[in-house]
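[1] Need the 3D shape of this:
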Amino acid sequence: MKRSTIILLSLIGGFALLVFWGVGAYNRLVSLSESTESQWANVQSAYQRRADLIPNLIATVKGYADFEQETLKGVIEARSKATSVQVNADELTPERIAAFQKAQSELKGALSRLLVTVERYPDLKANQNFLALQSQLEGTENRINVERDRFNEQVRGFNSAVKRIPTSIVASIGGFESRGYFEAEGEAQEAPEVSFE
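    Residues are numbered from 1 along each chain as shown. Reported below is the predicted structural model:
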């Protein structure tokens, strides 16, 4: 075989290996992206479950005529705001995740204020419907935390692949960009003060 034929075959073989590697890297990024988007759907589902529980909770609490209307109004407004902030799976940028998280945190705060206010109403605290809804709400908050953790794990894997050389070249060509994480809420950064006085 001529030397020029060997060089040509080597170049063709090297190019074929490079193409196969590129296709494999692209397919891996697609799989990671799909996993991230699927996990985002799970996060949204958990938040939607919480949003769906709120009207039942409000209806149960409204039955108590002297209950603070301002507290109820705050929960209703926070729910409306939280459900209006939508993030599609293809726009999971840090800014969009932060806006979504902020709206959800405001709703969580309004619900916490509602539950604190309920403490002043012993009859309401003993109401079986309210107790069942409160239990479901607590379970849903746990699900939200689990799904957010799983989402962050998926995003970590995806972002690592997108940033790692040489896969980052394929990611750049394929239009894959880093995704945003859920971050600890502001009050979670500070340790609560405990006083036993």
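
[2] where does the protein dip in pLDDT?
    Counting by pLDDT under 70, the chain shows low-confidence ranges at 64-67, 186-197.

[3] roughly how far out does the longest helix belonging to it sit from the chain middle?
    If you go by DSSP state H, the chain has its longest helix at helix 3-62. Its chain's average C-alpha position is 16 Å from that of helix 3-62, according to C-alpha atoms, centre = their mean, to the nearest Å.

[4] cool, stretch 170-189 as well?
    Centre to centre, stretch against its chain (C-alpha atoms, centre = their mean), the figure for stretch 170-189 is 11 Å.

[5] Name the helix or strand for R143, please.
    Assigned by DSSP states H and E, R143 belongs to helix 128-163.

[6] Helix 3-62 and that helix, what's the angle between them?
    Relative orientation of helix 128-163 versus helix 3-62 (axes from the mean of the first three to the mean of the last three C-alpha atoms, to 10 degrees): 160 degrees.

[7] Alpha carbons of the helix or strand just after helix 128-163, as CSV, please.
    For helix 128-163, the following helix or strand on the C-terminal side (DSSP H and E) is helix 167-174. The C-alpha trace of helix 167-174 is given here as CSV (Å, rounded to 0.1, in the frame of the first residue of the first chain):
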residue,chain,number,x,y,z
THR,A,167,-17.9,18.1,25.7
SER,A,168,-18.3,21.8,26.1
ILE,A,169,-17.5,22.2,22.4
VAL,A,170,-20.4,19.9,21.4
ALA,A,171,-22.6,21.7,24.0
SER,A,172,-21.7,25.1,22.4
ILE,A,173,-22.4,23.8,18.9
GLY,A,174,-25.6,22.1,20.0
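
[8] Mind listing what's buried along helix 167-174?
    Going by neighbour count (16 or more other C-beta atoms under 10 Å), the buried part of helix 167-174 is T167, V170, A171, G174. To be clear about C-beta, it is placed using only N, CA and C from the backbone, and glycine gets the same treatment.

[9] the inter-axis angle of the helix holding R143 versus helix 167-174?
    Orientation of helix 128-163 against helix 167-174 (the same axes, to 10 degrees) gives an angle of 100 degrees.

[10] Go through helix 128-163 and flag the buried ones.
    Quick answer for helix 128-163 (16+ other C-beta under 10 Å): 130, 133-134, 136-137, 140, 143-144, 147-148, 151-152, 154-155, 158-159, 161-162.

[11] Ok, stretch 98-117 next?
    For stretch 98-117, by 16+ other C-beta under 10 Å, it's 100-101, 103-108, 110-111, 113-115, 117.

[12] returning to what we had before: which strands or helices does the longest helix of the chain pack on?
    Secondary-structure packing of helix 3-62 (3 or more C-beta pairs under 8 Å, 6 or more residues apart in numbering; DSSP states H and E): helix 69-84, helix 94-118, helix 128-163, helix 167-174.
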